[in-house]
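Colleague: Make a model of this:
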Amino acid sequence: EIIQTTGKEVDPTSPSFCFNDILEMELYNYETAVNEIVDKAQKEAKIDKKLKQIKTNWDSQVFEFIDEKEYETKLFLSLDAMKELLDANQMDLMGMMSQGKYVEHFKDIVEDWREKLKMVDTVTTVWLKVQKNWRRLVNIFVKSEDIRVQLPDDTKKFEALDKDFRDLMIEASQSPEVVPSCNVERKTVLDEMMVTLEQCEKALNEYLGEKKKAFPRFYFVSDQALLDILSNG
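Modeller: Numbers count the residues shown, from 1 in each chain. Sure, this is the predicted structure:
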């Protein structure tokens, strides 16, 4: 842009390029234009640096797991640190998009990372809900004979989901990179699991509702507390 503004040809990539070449461009004759170009370049450099940092962050970001030996699967360790980084980088990208002409050169890259991190946010949110609900219901539907007898159809649904969920977690632990793991296909699978879990939980709550009618003191105990009691035997 400076070459176009001054009309003087220089090759800044040449081994012989030196400070005298800059002096011969007589930049002082184009002070306002050159200052604008320099200001733009400095702001672009900051965006470029931040984008490289975001790429470095997420190229190295992996899920961490613990062994759930009782059910022969893996479960997520806390994702709090990753969620904090996700929130911070999403804010960074939003800030870049508000910088008008300074982000034009990087717009495609910024949009690409916004989509990637949005998918990571969406998928991990659903995934954690599925894991949480699975942990709460697995002992009830797998180990509680009373529930299995009273809710046979929902027990079968849960057993199928239980196998799929355990297989999914083992598969994820073998390829734990966060960004590739959070894709549209996996979101679809997790959404379907969430629907099944909600159906099982609804059936369980209806069953508990019948018990409350038979023994009204149960109304003073929350559904969550009753579920916890059942899941802990």
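Colleague: Can you list the buried residues in the helix or strand containing Lys43?
Modeller: Secondary structure from DSSP states H and E places Lys43 in helix 31-59. Buried residues in helix 31-59, counting neighbours by 16 or more other C-beta atoms under 10 Å, are found at Val34, Ile37, Glu44, Ile47, Lys50, Leu51, Ile54, Trp58. Where you see a C-beta, it was placed from the backbone N, CA and C, and this is true even at glycine.
Colleague: Check whether the third one really touches Glu104, as I assumed.
Modeller: This means Glu44. No. Glu44 lies out of contact with Glu104 (C-beta atoms under 8 Å); the separation is 9.0 Å.
Colleague: Including distance to Leu128, could the buried residues of helix 31-59 go into CSV?
Modeller: Output for the buried residues of helix 31-59, formatted as CSV (distance: C-beta to C-beta, whole Å):
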residue, distance to Leu128
Val34, 52
Ile37, 47
Glu44, 37
Ile47, 32
Lys50, 27
Leu51, 28
Ile54, 22
Trp58, 18
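Colleague: so Ile66 sits in a strand?
Modeller: Yes. Ile66 forms part of a strand when assessed by DSSP: H, G, I helix; E, B strand; the rest coil.
Colleague: what's the pLDDT at it?
Modeller: Looking at Ile66, its pLDDT stands at 96.
Colleague: can I assume Phe65 is in contact with Ser78?
Modeller: No. Contact criterion C-beta under 8 Å: Phe65 and Ser78 do not qualify, at 11.2 Å.
Colleague: Just want the angle from the lengthiest helix in the chain to helix 31-59.
Modeller: Ranked by number of residues, the top helix in the chain under DSSP state H is helix 107-143. Orientation check (axes from the mean of the first three to the mean of the last three C-alpha atoms, to 10 degrees): helix 107-143 against helix 31-59 gives 20 degrees.
Colleague: More neighbours: Phe65 and Ser78, which one.
Modeller: Taking other C-beta atoms under 10 Å, Phe65 and Ser78 do not tie; Phe65 has more neighbours (16 against 10).
Colleague: contacting residues for the more buried one?
Modeller: Going by C-beta atoms under 8 Å, 6 or more residues apart in numbering, Phe65 touches Lys74, Leu75, Phe76, Leu77, Met169, Ala172, Ser173, Pro176.
Colleague: what about burial for those residues, which qualify?
Modeller: Among the contacts of Phe65, those classed as buried by 16+ other C-beta under 10 Å are Lys74, Leu75, Phe76, Met169, Ala172, Ser173.
Colleague: between these, which is closest to Ile140?
Modeller: Comparing the buried ones among the contacts of Phe65 against Ile140 with C-beta to C-beta places Leu75 closest, at 17.3 Å.
Colleague: can you tell me how far the residue nearest to the closest one when sequence neighbours are not counted sits from Ser78?
Modeller: Leaving aside its sequence neighbours, Leu75 sits nearest to Glu68 (C-beta to C-beta, 6 or more residues apart in numbering; 5.0 Å). According to C-beta to C-beta, to the nearest Å, Glu68 stands 15 Å off from Ser78.
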